[in-house]
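Colleague: structure, please.
(chains A and B)
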Protein chains: 2
Amino acid sequence: MAAQLQTGHVDFVGAGPGDPDLLTVQALRAIEAAEVILHDRLIGPDILALAARSSTLIDVGKAGFGPSWKQSDIDALIVAQARTGARVVRLKSGDPTVFGRLDEEIEACDAAHIPWRIVPGITAASAAVAAIGQSLTRRGRNASVRFLTGHDMKGFADHDWTALARPGEVAAIYMGKKSARFVQGRLLMHGAARSTPVTLVENASRPDQRILATTLDRLSADLAAARLDGPALTFLGLAPRAAVLALPDLEHGLEPGLEQEFA
Amino acid sequence: MAAQLQTGHVDFVGAGPGDPDLLTVQALRAIEAAEVILHDRLIGPDILALAARSSTLIDVGKAGFGPSWKQSDIDALIVAQARTGARVVRLKSGDPTVFGRLDEEIEACDAAHIPWRIVPGITAASAAVAAIGQSLTRRGRNASVRFLTGHDMKGFADHDWTALARPGEVAAIYMGKKSARFVQGRLLMHGAARSTPVTLVENASRPDQRILATTLDRLSADLAAARLDGPALTFLGLAPRAAVLALPDLEHGLEPGLEQEFA
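Modeller: Residues are numbered from 1 along each chain as shown, chains lettered A, B, ... in the order given. A predicted model of the protein is given here:
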């Protein structure tokens, strides 16, 4: 008897910023039901521990064990696993639709006629702004908020910098540590106030979360001194709320002893 | 004996876009543990049903029963409830940090020395983009994504419109139905292509979700014809993925019979 042709299924699942309690209920169920999970390097062990014992976990992170994965290899692996008939979860940090390289993987599934679904996740900006007790938008301050990556800002046009340099503007920069000096220079050149608040949240929502509150003119120096080595979200135009600084406890996601960061 | 002074606590909780499965685990636990829940009008009965039977539910929606609530009344009620010593949840649609009027309420708590926490939620843009099978950002297409409100766009400067009109730009407009004609005019004036894709997702993630795919030049006419009466998220620069249109099933959040929306 010929084996029946089975069609698998792929869920592109947002794992959120790190705290397993910030998974959505839908994401949690998808992880629990998965037979194969292909995950980013940044997905922590406490989230992977939610998977069934019988499931297969594959780290396709760019800096994982062995030679680094090319995007095309990841695309091919998703398709190959789904073609076995498996319930595949492609688990990505944060929200898969925000700087998640999602499109290439969906297009690979479409080309192979494999059904898929996107399960949204809490993006890093959302968790980080909650940690500093602020809002991404506020009446009378900023009419819009922008999500950017540090790398992509190098291709910015003058009108982008003009808009970002405006008083009250708020932007969340993903992967912005390396480009901090460049961004600082461009914003000052385009008229941003030297005292513009800038806040970095490293490891947002995780037990090792750290918050660095600074200003545009001190950004490079303070960032170099702070030696943040985890993934960090940079806010332009937002400082931590005073109550968060005055009460550095777990309530607001700050660990005791971090007060000196704000000195 | 004098009654002991009790301090309550306020969780500002994101209820997500509507589907209870898009609550975070943290939000679900906060709702289950709440003694008092002050909620927006848009929070659906299936989410409110998760609250304990003994809890008090108060609809502070702007269009609720009786005279509409002023923001200052809501602030005062949150404080008054927390001062009874209750575990209060202030439940807001989507993510409380995105167009959620969160700051006024936090400042009222701070003034009254009431401890609080922000529990992030899935914002409408994230659920809506998942429903159309797209990403908010994509390499080679858009280096950033912007969240706006329809109202606030009336105060936009020329450089904002120039940036939004650029090919490949992606923006998510909250509460954008009424301003659609204004936005259409400004974008065309600033050089946006008439064929720029525009997609509206009404009631994202809910059973009555509808998707309207159009283009910038047809936006006003198609929107008038579609008679969307629920909350809608408008994407500038994104069309639903072909696979979503070709397979209009619940897998992709589309209900059978909606194909004519895309005709």
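
Colleague: give me the buried positions along stretch A:30-50.
Modeller: A:30-31, A:34-40, A:42-44, A:47-48, A:50 (16 or more other C-beta atoms under 10 Å in any protein chain shown). Heads up, the C-betas are built off the backbone N, CA and C, glycines and all.

Colleague: give me the below-cutoff pLDDT ranges for the stretch 1-150 of chain A.
Modeller: A:1-6, A:62-67 (pLDDT under 70).

Colleague: which single residue in it comes nearest to chain B?
Modeller: residue A:143 (3.3 Å; C-beta to the nearest C-beta).

Colleague: need the nearest residue in space to that residue, chain neighbours excluded.
Modeller: Sequence neighbours aside, residue B:152 is the residue nearest to residue A:143 in space, at 3.3 Å (criterion: C-beta to C-beta, 6 or more residues apart in numbering or on different chains).

Colleague: shouldn't the one you found be in contact with residue A:144?
Modeller: Yes: using C-beta atoms under 8 Å, residue B:152 is in contact with residue A:144, at 6.8 Å.

Colleague: more neighbours, these two?
Modeller: Taking other C-beta atoms under 10 Å in any protein chain shown, residue B:152 and residue A:144 do not tie; residue A:144 has more neighbours (24 against 18).

Colleague: the spatially closest residue to the more buried one that is not a sequence neighbour sits in which helix or strand?
Modeller: Closest residue in space to residue A:144, ignoring its immediate chain neighbours: residue B:148 at 4.3 Å, by C-beta to C-beta, 6+ apart. Assigned by DSSP states H and E, residue B:148 belongs to strand B:144-149.

Colleague: how about residue A:234?
Modeller: Applying DSSP H and E as the criterion places residue A:234 in strand A:232-236.

Colleague: helices or strands up against that strand?
Modeller: Counting contacts by 3 or more C-beta pairs under 8 Å, 6 or more residues apart in numbering or on different chains; DSSP states H and E, strand A:232-236 packs against helix A:124-131, strand A:170-174, helix A:180-189, strand A:197-202.

Colleague: Three-state assignment for residue A:11, please.
Modeller: Under DSSP: H, G, I helix; E, B strand; the rest coil, the three-state class of residue A:11 is strand.

Colleague: ok, now which ones touch it?
Modeller: Neighbouring residues of residue A:11 by C-beta atoms under 8 Å, 6 or more residues apart in numbering or on different chains: A:30, A:34, A:87-90, A:116-119.

Colleague: just residue A:161 next, same as before
Modeller: A:186-187, A:189-190.

Colleague: which one of the residues you listed sits in the busiest neighbourhood?
Modeller: Greatest neighbour count in the contacts of residue A:161, by other C-beta under 10 Å, goes to residue A:187: 24 neighbours.

Colleague: apart from its chain neighbours, what residue comes closest to that one?
Modeller: Leaving out its chain neighbours, the residue that sits closest to residue A:187 by C-beta to C-beta, 6+ apart is residue A:165, at 5.1 Å.

Colleague: would you mark the buried spots in the longest helix along chain A?
Modeller: Determined from DSSP state H, the single longest helix within chain A is helix A:71-83. Residues of helix A:71-83 classed as buried: A:74-75, A:77-79, A:81-83 (neighbour count, 16+ other C-beta under 10 Å).

Colleague: out of these, which comes closest to residue A:176?
Modeller: Nearest to residue A:176 among the buried residues of helix A:71-83, counting by C-beta to C-beta, is residue A:74 at 24.3 Å.

Colleague: wait, isn't the closest one in contact with residue A:39?
Modeller: No: counting by C-beta under 8 Å, residue A:74 does not reach residue A:39; the two are 10.8 Å apart.

Colleague: which neighbours do those two share?
Modeller: Residues within reach of residue A:74 and of residue A:39 at once, by C-beta under 8 Å, 6+ apart, are residue A:60.

Colleague: where exactly do the helices run in chain A?
Modeller: Counting by DSSP H, the helices of chain A are A:25-33, A:45-48, A:71-83, A:102-111, A:124-131, A:158-164, A:180-189, A:219-226, A:242-246.

Colleague: for the residue nearest to residue A:144, what are its contacts?
Modeller: A:143-144, B:171-174, B:176.

Colleague: I'd like those residues as JSON lines, with distance to residue A:133 appended.
Modeller: Converted to JSON lines, those look like this (distance: C-beta to C-beta, whole Å):
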{"residue": "A:143", "distance to residue A:133": "21"}
{"residue": "A:144", "distance to residue A:133": "21"}
{"residue": "B:171", "distance to residue A:133": "27"}
{"residue": "B:172", "distance to residue A:133": "24"}
{"residue": "B:173", "distance to residue A:133": "27"}
{"residue": "B:174", "distance to residue A:133": "22"}
{"residue": "B:176", "distance to residue A:133": "28"}
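
Colleague: with respect to pLDDT, which of those residues ranks lowest?
Modeller: When the contacts of residue B:148 are sorted by pLDDT, the bottom entry is residue A:143 at 82.

Colleague: look up how far residue B:123 lies from that residue.
Modeller: 16 Å (C-beta to C-beta, to the nearest Å).

Colleague: more neighbours: which of the two?
Modeller: Applying other C-beta under 10 Å to residue A:143 and residue B:123 shows that residue B:123 carries more neighbours, namely 31 against 21.

Colleague: residues contacting the closest residue to the more buried one other than its chain neighbours?
Modeller: Counting by C-beta to C-beta, 6+ apart, residue B:95 is the residue found nearest to residue B:123 once chain neighbours are left out, at 4.0 Å. By C-beta under 8 Å, 6+ apart, the contact set of residue B:95 is A:126, A:136, B:14, B:120-123.

Colleague: likewise residue A:20?
Modeller: Residue A:20 makes contacts with A:44, A:46-47, A:50, B:25, as judged by C-beta under 8 Å, 6+ apart.

Colleague: same thing but 10 Å
Modeller: A:27-28, A:31, A:44, A:46-50, A:205, B:24-26 (C-beta atoms under 10 Å, 6 or more residues apart in numbering or on different chains).

Colleague: domain ranges for chain A?
Modeller: Taking automatic domain parsing as the reference, chain A has its domains at A:9-119, A:124-262.

Colleague: ok, back up a step: just name the most buried of the helices and strands packed on strand A:232-236.
Modeller: Burial of the helices and strands packed on strand A:232-236 is given as mean neighbour count (mean count of other C-beta atoms under 10 Å in any protein chain shown); helix A:124-131 ranks first at a mean of 30.

Colleague: run the contact check for that one versus chain B.
Modeller: Yes: using C-beta under 10 Å from any C-beta of the partner chain, helix A:124-131 reaches chain B at A:125-131.

Colleague: check which helices and strands that helix sits against.
Modeller: Using 3 or more C-beta pairs under 10 Å, 6 or more residues apart in numbering or on different chains; DSSP states H and E, the elements in contact with helix A:124-131 are strand A:144-149, strand A:170-174, strand A:197-202, strand A:210-215, strand A:232-236, strand B:9-14, strand B:116-119.

Colleague: ok so, going back, which one of the helices of chain A lies closest to residue B:233?
Modeller: helix A:124-131 (15.9 Å).

Colleague: export the closest one to CSV, keeping only CA atoms.
Modeller: Taking Å, rounded to 0.1, in the frame of the first residue of the first chain, the C-alpha atoms of helix A:124-131 are listed here in CSV:
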residue,chain,number,x,y,z
ALA,A,124,9.9,44.1,22.2
ALA,A,125,8.8,47.7,22.0
SER,A,126,5.6,46.9,23.8
ALA,A,127,7.3,45.0,26.6
ALA,A,128,10.1,47.6,27.0
VAL,A,129,7.7,50.6,27.2
ALA,A,130,5.6,48.8,29.8
ALA,A,131,8.9,48.2,31.8
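
Colleague: that helix to strand A:144-149, inter-axis angle?
Modeller: Per axes from the mean of the first three to the mean of the last three C-alpha atoms, to 10 degrees, the angle that helix A:124-131 makes with strand A:144-149 is 120 degrees.

Colleague: tell me the one of the residues of helix A:124-131 next to chain B nearest residue B:57?
Modeller: residue A:130 (23.6 Å).

Colleague: OK, contacts around that closest one?
Modeller: A:17, A:22, A:122, A:136, A:201, A:204-205, A:252-253, B:12, B:14, B:95-97, B:102, B:117-121.
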